[in-house]
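Engineer: okay, predicted coordinates and the sequence, questions at the end:
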Amino acid sequence: MEVASAPRIRIARVRTAALRTAIGLAIGAVLTLTFLHMVNVSAVFTRIEHLTVGFALLCSVAFLGAYAVRALRWRRLLRPYEVSVPRAIAIYQIATFLNWLLPVRGGELVKCLLLRRSDDIPVSRSLATVSIDKAMDLLPAVALLALLPFVGLNLGRPLWILLLSALAAVAVAVVVLALAAWRRDLALAILTRPLVKVLPGGARTRIEPAIALFVDTLLALVRQPRLMGVAALYTAVAVALDALFCLLAFRAVGVALPLPVVLYGYTFFNLAFILPTPPGQVGSNELIGLLIFSGLFGVNSSGVGAMFLFSHPWTAVLMMTSGLICLSVMGLTLRSALRLAGTAGERKVA
């Protein structure tokens, strides 16, 4: 019976993935049409026709460099496990590629599964480092939020909601960690309570120790101020590379922006992608970029439209090329990686 049901399960998974992709692409098409309606299309393409190739090539170095720096940050958090630099960068890039490609982001757990496959590191340990790594990417938004009263920016309601959501996520994480440090058993009881209602007893007995190990690993990480300081420095370098990419991409289409506008604008832009996006971020890149840079900072809409219409396909090529190369280095194919991402939520954390 189990053998006979396996093909049906695979077919169901394929249908579900196809449905999600179709819905995501339909949403992306609507976003793209909305974006095109908001810009002067002929002016946008005129700017793209006069693209400065040198700036375009330089921005690609900054784009890939930002992900490499984040991979090094994650590698640092994995200690005392020693993962080689090339492998850490390859795994990180594969996960980023899958997050970009899929409407539902499963790349973070794929990092852990690939690490278990290559270095035999338990998922329950590496997952804590992935959580800290992603939390570090929220810190720049929190820092910029704290500086808002001094820079005189007037944010619209959607950006305030986005920023306050990031702040709330950080606050919840801090509260959970503080509770775990003060009353570990109480924190574990709160975290495992939802599982009691939905999982059978046998599954709970396997999952609860993994959650305890996850919490203990988190506490061990945050109790190392030097490690957190080094991770913060990596984050600062990654944010600087993000801003450099944005600055050079705008220069490629003939738009010169002040550094504060680039720093705030691109940080807000990246923060928006904590939410699910269409496959390949179709339409969402352009529309969100237009709303932030043109709507908030008053940058010429044709310049913003040209920048994102140029940079989106260009970064897609970079993402796909680097992702496929890293998959090859790890001995994987795109099909096996997608299967891994699709079944990641069903894998036991052990």
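Structural biologist: Nice, I can see it.
Engineer: show me the shaky parts of the stretch 201-350 of the chain.
Structural biologist: Applying pLDDT under 70 to the stretch 201-350 of the chain flags residues 201-210, 273-280, 283, 341-350.
Engineer: ok, and the closest non-adjacent residue to residue 324?
Structural biologist: Distance criterion CB to CB, 6 or more residues apart in numbering; nearest residue to residue 324, sequence neighbours excluded, is residue 334 at 6.7 Å. Heads up, the C-betas are built off the backbone N, CA and C, glycines and all.
Engineer: from memory that neighbour sits against residue 327, does it?
Structural biologist: Yes. Residue 334 is within contact range of residue 327, at 6.3 Å (criterion: CB atoms under 8 Å).
Engineer: any idea how far the nearest residue to residue 311 once chain neighbours are set aside is from residue 300?
Structural biologist: Spatial nearest neighbour of residue 311, chain neighbours left out: residue 249 (4.5 Å); criterion: CB to CB, 6+ apart. Noted for residue 249: a distance of 15 Å to residue 300, by CB to CB, to the nearest Å.
Engineer: which of those two has more neighbours?
Structural biologist: residue 249 (27 against 15; other CB atoms under 10 Å).
Engineer: what helix or strand is that one on?
Structural biologist: In this assignment (DSSP states H and E), residue 249 forms part of helix 225-252.
Engineer: give me the number of residues near the residue nearest to residue 301 when sequence neighbours are not counted?
Structural biologist: Nearest non-adjacent residue to residue 301, counting by CB to CB, 6+ apart: residue 294, 4.5 Å away. Neighbours of residue 294 under the rule other CB under 10 Å: 19.
Engineer: what of the one 3 residues further on?
Structural biologist: Using other CB under 10 Å as the criterion, residue 297 is surrounded by 17 other residues.
Engineer: strands along this structure, start to end?
Structural biologist: Here the chain has no strands by DSSP state E.
Engineer: spit out the contact partners of residue 93.
Structural biologist: When contacts are counted by CB atoms under 8 Å, 6 or more residues apart in numbering, residue 93 is found next to 67, 71, 322, 323, 326.
Engineer: list the ones among the residues you listed that fall in helices.
Structural biologist: When the contacts of residue 93 are checked against helices (DSSP state H), the matches are 67, 71, 322, 323, 326.
Engineer: could those be laid out in TSV, adding neighbour count and distance to residue 229?
Structural biologist: As requested, the ones in helices among the contacts of residue 93 are exported to TSV (neighbours: other CB atoms under 10 Å; distance: CB to CB, whole Å):
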residue	neighbour count	distance to residue 229
67	21	22
71	26	19
322	20	29
323	21	31
326	23	29
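Engineer: can you give me the pLDDT of residue 126?
Structural biologist: Confidence at residue 126, expressed as pLDDT, is 85.
Engineer: so what's the residue nearest to it when sequence neighbours are not counted up against?
Structural biologist: The shortest distance from residue 126 to any non-neighbouring residue, by CB to CB, 6+ apart, is to residue 112 (4.4 Å). Going by CB under 8 Å, 6+ apart, residue 112 touches 121, 123, 126, 127, 130.
Engineer: so where's the stretch 51-200 of the chain uncertain?
Structural biologist: The stretch 51-200 of the chain contains residues with pLDDT under 70 at 103-106, 148-163, 166, 169-170, 181-182, 186-200.
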